[in-house]
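Colleague: Need the 3D shape of this:
(one chain, ligands or ions: 1)
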Amino acid sequence: MTHAFPQTPDFIVHNEPVRIECDIYDLIVKGKIPEEINGVWYRSIPDPQYPSKEGNDVFISGDGMVGAFYFENGHVDYKCRYVMTERLKNDRAARRSLYGVYRNPFTDDASVQGKGRGVANTTPVYHGGKLLALKEDSLAWELDPITLETIGEFDYEGKLKSKTMSAHTRLDPETGELFVFGYEASGLASTDVSYWIVDKEGQLKNEQWFKVPYCAMMHDFVVTKEHVLFPVFPTVCELERLKAGGSHWGWDSSKNSFVGIMPRYGDVSEMRWFEGPPAFSYHMMNAYTDHNMVHMDLCVADVNVFPFVQEAAGIKINPAQTNGRLARWSFDMAGNSDTWTETILGPDGEIPRIAEKDFMKDYEIAYYANFMIQNGRPIISGPVHAGFNTASRINIKTGEIKSFSAPDVTLQEPVHVTSKQSGHEGYIIIVGEIFEKDRSDVYIFEAKKIDAGPIATIKMPLRLRDAVHGNWVPAEQLKR
Ligand SMILES: [Fe+2]
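Modeller: Coordinates of the predicted model:
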């Protein structure tokens, strides 16, 4: 390799690229992993093969790795492979990056103009017998769920018209349907959004398109048993800024937030738009419909917390001053109001998870990661340049919080594993990056007693770079 990565917050400390594809058989475990934890935990990790052609870039631009922990009868194996995208193949053939900055094709080398630039680095989703690696600016890439070998770009056998597929999908565990959308669906900076449903067999049904008020970063959405909600927050894409070589995204406080709501099996012509003040949410925790009311629970702040999004707008706001909170936005579908009401559910946090049995329903228990200054100093990790130091279980009905933290350990996104035991809340698994040790631990908790500390710890012989998202697939769901 001819170039080193830039010494900027996106590439130093825990953000230093790892770039290791590996197989580790029977990892060392301290404690005992419950034998009912059988299945695979897939995780998507941005890990750039090469520095950007432009030198600096952002954390979330890295080539997608999929890491998989295979749990079987108390034993764990680990495998990690790059998604062999068109972009990674082009870069490897050139032995340098031919691509410029995050989601700006105007900064790419002439030799790759018009070629795929998706990195498949955000979420692994297993559905309909297929493992897909998702990134919201492009189509999905399909991988073999056992070997992690890349099969190819995925468009439902040519049936999907959208050029993009969001990294966040919503599963209805009772019908087996996967609800999906794509924004910038017709191309760069467009206001077209696509919405489709995939049946439990993996067949695409009813792709529909609609327009949003402006081209926004639509990272996540929510679905209830009756409705689908499309949040639009003022992190905007401007074609002129792109052509000038600038950031795909910039914060724009002159624009309001919008939430479009329609029946989930309905027609996009039934979309009803609600409007409120500027805000930003990367992730929604859950949503449900209760008679005339639709409730959406979200990790929300008054501004987009990603530094590069703020820099594009010429602002820099201390994360502690962004009014981050866990909130419920409630929409009265029978009333005449064109806005929502907000109820605070809990303290600031992100990357929320709930048990699969609670998807799309009224629920009580959730898990999320927080940064709490009393639990330790900020350590550079992930896109915000300060990793989470706390993992919490929150009862959203009572506000009760139980938390886990360990000195100088950065905690990644939790995943929930359902227990087969009656009345058992299941398990939470989290990767912890250990400061200055250049390796990671993986903690397994009884979900109900996260504050009691891990019941087992998997000792990783290498550092696991901050993953974006992961998903648990029970062994019985995997088609071998
Ligand atoms: Fe996300």
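Colleague: wait, is Tyr102 part of a helix?
Modeller: No: Tyr102 is assigned coil when assessed by DSSP: H, G, I helix; E, B strand; the rest coil, not a helix.
Colleague: So Leu131 versus Ile365, what's the distance?
Modeller: Going from Leu131 to Ile365 by Cβ to Cβ, to the nearest Å gives 28 Å. Using the backbone N, CA and C atoms, a C-beta is placed for each residue, glycine as well.
Colleague: quick one: which of those two has more around it?
Modeller: Leu131 (25 against 18; other Cβ atoms under 10 Å).
Colleague: beta partners for the more buried one?
Modeller: Here Leu131 sits in beta bridges with Tyr126, Leu143, going by DSSP bridges.
Colleague: quick one, what contacts it?
Modeller: Counting by Cβ atoms under 8 Å, 6 or more residues apart in numbering, Leu131 makes contact with 42, 66, 124-125, 142-145.
Colleague: among these, who's most crowded?
Modeller: Neighbours here mean other Cβ under 10 Å. Within those, the largest count is held by Pro124, at 31 neighbours.
Colleague: want to throw the contacts of Leu131 into TSV with pLDDT?
Modeller: Output for those, formatted as TSV (pLDDT from 0 to 100):
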residue	pLDDT
Tyr42	98
Val66	98
Pro124	98
Val125	98
Glu142	98
Leu143	98
Asp144	98
Pro145	97
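Colleague: Let me know the closest of those residues to Gly335.
Modeller: Of all these, the one with the least separation from Gly335 (Cβ to Cβ) is Val125, at 35.5 Å.
Colleague: neighbours around the closest residue to Ile434 other than its chain neighbours, how many?
Modeller: Computed as Cβ to Cβ, 6 or more residues apart in numbering, the closest residue to Ile434 that is not its neighbour in sequence is Val409, at 5.8 Å. Neighbours of Val409 under the rule other Cβ under 10 Å: 25.
Colleague: is it true that Val409 touches Ala391?
Modeller: No: with contact defined as Cβ atoms under 8 Å, Val409 does not count as touching Ala391 (10.0 Å).
Colleague: Pull the contacting residues for Asp10.
Modeller: 56-59, 383, 385.
Colleague: swap in Met293?
Modeller: The contact partners of Met293, by Cβ under 8 Å, 6+ apart, come to 330-333.
Colleague: Would you state the strands of the stretch 351-480 of the chain in chain order?
Modeller: Here the stretch 351-480 of the chain has its strands, by DSSP state E, counting those that start in this stretch, at 365-370, 390-395, 401-404, 409-411, 415-417, 427-434, 439-446, 456-459, 470-474.
Colleague: Out of those strands, flag the one nearest Glu153.
Modeller: Across these, Glu153 has its closest neighbour in strand 470-474 (20.1 Å, Cβ to Cβ).
Colleague: tell me the SS of Met84?
Modeller: On the three-state scheme (three-state DSSP), Met84 is labelled coil.
Colleague: which SS state does Arg87 fall under?
Modeller: What three-state DSSP gives for Arg87 is helix.
Colleague: re earlier: weed out the non-buried ones from the contacts of Met293.
Modeller: Neighbour counting by 16 or more other Cβ atoms under 10 Å classes Phe331 among these as buried.
Colleague: would you turn the contacts of Met293 into TSV with pLDDT and secondary structure?
Modeller: Listed next are the contacts of Met293 as TSV, based on pLDDT from 0 to 100; DSSP: H, G, I helix; E, B strand; the rest coil:
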residue	pLDDT	secondary structure
Ser330	98	strand
Phe331	98	strand
Asp332	98	strand
Met333	98	coil
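Colleague: Direction included, what does the helix or strand where Ile261 lies pair up with?
Modeller: Element membership for Ile261 (DSSP states H and E) is strand 257-263. Applying DSSP bridges, strand 257-263 is found paired with strand 227-232 (antiparallel), strand 272-276 (antiparallel).
Colleague: Columns mean pLDDT on top of the ones you listed, output as TSV?
Modeller: Output for the strands paired with strand 257-263, formatted as TSV (pLDDT from 0 to 100):
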stretch	mean pLDDT
strand 227-232	98
strand 272-276	98
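Colleague: Check the ones you listed for me and report the most buried one.
Modeller: Of those, the one with the most neighbours on average (mean count of other Cβ atoms under 10 Å) is strand 227-232, at a mean of 24.
Colleague: from the chain's centre, how far out does the following helix or strand past it sit?
Modeller: Following strand 227-232 in sequence order, the next helix or strand is strand 235-236 (DSSP H and E). Computed by Cα atoms, centre = their mean, to the nearest Å, the chain-centroid distance of strand 235-236 equals 18 Å.
Colleague: what sits up against strand 235-236?
Modeller: With contact meaning Cβ under 8 Å, 6+ apart, strand 235-236 is reached by 214-217, 249-252, 255, 280, 304, 309.
Colleague: Would you write out the PyMOL command that picks the buried residues out of those?
Modeller: Only the buried entries of the contacts of strand 235-236 go into this PyMOL selection, using 16+ other Cβ under 10 Å:
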select buried, resi 214+215+216+217+249+250+251+252+255+280+304+309
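Colleague: got a list of what Pro454 touches?
Modeller: 31, 404, 443-445.
Colleague: Looking at those residues, spot the one nearest Thr322.
Modeller: Closest approach between these and Thr322, by Cβ to Cβ: Phe404, at 24.0 Å.
Colleague: could you pull out the helices for the stretch 1-150 of the chain?
Modeller: Under the criterion DSSP state H, counting those that start in this stretch, helices of the stretch 1-150 of the chain are mapped to 86-94.
Colleague: so where's it shaky on pLDDT?
Modeller: Applying pLDDT under 70 to the stretch 1-150 of the chain picks out residues 1-2.
Colleague: Which parts of it are strands?
Modeller: Along the stretch 1-150 of the chain, counting by DSSP E, counting those that start in this stretch, strands occupy 22-24, 28-31, 39-46, 64-72, 75-82, 123-127, 130-134, 140-143, 150-154.
Colleague: Sort out for me which of the contacts of strand 235-236 are in helices.
Modeller: When the contacts of strand 235-236 are checked against helices (DSSP state H), the matches are Val309.
Colleague: Now, the contacts of strand 235-236 that are in strands?
Modeller: 250-251, 280 (DSSP state E).
Colleague: Next, give me the two most distant ones among the contacts of Pro454.
Modeller: Greatest spatial distance among the contacts of Pro454 (Cβ to Cβ): Gly31 and Phe404, at 14.5 Å.
Colleague: With neighbour numbers in mind, choose between these two.
Modeller: Each of Gly31 and Phe404 has its neighbours counted (other Cβ under 10 Å); Phe404 has more, 24 against 12.
Colleague: Per-residue pLDDT of that one, please?
Modeller: As predicted, Phe404 sits at a pLDDT of 98.
Colleague: picking up where we left off before, Pro105: which of the ones in strands among the contacts of strand 235-236 is nearest?
Modeller: The nearest member of the ones in strands among the contacts of strand 235-236 to Pro105, counting by Cβ to Cβ, is Gly250 at 17.2 Å.
Colleague: Asn336 versus the closest one, what's the distance?
Modeller: Distance of Gly250 to Asn336, given as Cβ to Cβ: 34 Å.
Colleague: what's the answer for Pro9, then?
Modeller: For Pro9 relative to Asn336 (Cβ to Cβ), the value is 47 Å.
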